[in-house]
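A.B. asks: turn this into a model:
(chains A and B)
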Amino acid sequence: NAGVTQTPKFQVLKTGQSMTLQCAQDMNHNSMYWYRQDPGMGLRLIYYSASEGTTDKGEVPNGYNVSRLNKREFSLRLESAAPSQTSVYFCASKTFTGTGELFFGEGSRLTVL
Amino acid sequence: DAKTTQPNSMESNEEEPVHLPCNHSTISGTDYIHWYRQLPSQGPEYVIHGLTSNVNNRMASLAIAEDRKSSTLILHRATLRDAAVYYCILTNAGKSTFGDGTTLTVKP
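C.D. replies: Here you go, the predicted model:
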């Protein structure tokens, strides 16, 4: 079982460059999430998609855009990367219920110079 | 959004029980209480969840206060592998927001 797959695992960008983080899940989950985690801190929600066709802002959406391409895939785009976006990014998915547990990907480590 | 409050850090001795508290005084009737833990350099992993009643699984127990404004994750016999950051979150059909969690240190 692949679960939640994120690509790339590592990326170095220069300030102002753009990039897209890809996330795919094979568990037929309705809801998908993007979090960022800065060193020594907890996870902060960037955007989420409660179900296919919907996306909503989380706690820290500025500087990011998302696309729920289909039920399986949820991408996160940085249009103009800034050093403050250096972080580890986690994608997660779950069923559309309160009982559903979150399944996380392995994370994508992004460095912006 | 309902928030949770946890102590920043806790210590335990190996093979002793650990009680990790969480306050969630603004919990709504539809919020489930979930616990996750994050080992170093890994993504969070699910531990346990509950709504109103206490819950047990192979990893831990969850004790939920009668008014649901607080809960406690119980590790019955801590091992060195239980050293991690533990997150208590409230979740429903939509948003799932994490706090900073409790860093558990287990001493041999």
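A.B. asks: show me where pLDDT drops low in chain A?
C.D. replies: A:1, A:98 (pLDDT under 70).
A.B. asks: and the residue of it nearest chain B?
C.D. replies: A:F104 (3.4 Å; CB to the nearest CB). For every residue, glycine as well, the C-beta is placed using N, CA and C.
A.B. asks: pLDDT value on the nearest residue to that residue once chain neighbours are set aside, please?
C.D. replies: For A:F104, ignoring the flanking residues on the chain, the nearest one in space by CB to CB, 6 or more residues apart in numbering or on different chains is B:G43 at 3.4 Å. You'll see B:G43 listed with a pLDDT of 92.
A.B. asks: what about B:G43, how many residues nearby?
C.D. replies: Neighbours of B:G43 under the rule other CB atoms under 10 Å in any protein chain shown: 22.
A.B. asks: equivalent analysis for the one 3 residues further on, please.
C.D. replies: Applying the criterion other CB under 10 Å, we find 17 residues in the vicinity of B:Y46.
A.B. asks: and it, which helix or strand is it part of?
C.D. replies: Using DSSP states H and E, B:Y46 maps to strand B:45-50.
A.B. asks: sheet-wise, list the partners of that strand with their directions.
C.D. replies: strand B:32-38 (antiparallel) (DSSP bridges).
A.B. asks: next, the buried residues of the partner strand.
C.D. replies: B:Y32, B:I33, B:H34, B:W35, B:Y36, B:R37, B:Q38 (16 or more other CB atoms under 10 Å in any protein chain shown).
A.B. asks: name the nearest of the residues you listed relative to A:T15.
C.D. replies: Comparing the buried residues of strand B:32-38 against A:T15 with CB to CB places B:Q38 closest, at 29.1 Å.
A.B. asks: residues from chain B in reach of chain A?
C.D. replies: Along chain B, the residues adjacent to chain A under the rule CB under 8 Å from any CB of the partner chain are B:30-32, B:34, B:36, B:42-46, B:49, B:51, B:85, B:87, B:91-101.
A.B. asks: quick one: buried ones out of those?
C.D. replies: B:31-32, B:34, B:36, B:43-44, B:46, B:49, B:85, B:87, B:91-93, B:95-101.
A.B. asks: residue contacts, the spatially most central residue of chain A?
C.D. replies: Closest residue to the average C-alpha location of chain A: A:W34 at 2.8 Å, with CA atoms, centre = their mean. For A:W34, the contacting residues are A:21, A:23, A:45-48, A:58, A:64, A:66, A:74, A:76, A:89-91, by CB atoms under 8 Å, 6 or more residues apart in numbering or on different chains.
A.B. asks: before I go, just wanted to say thanks for your time.
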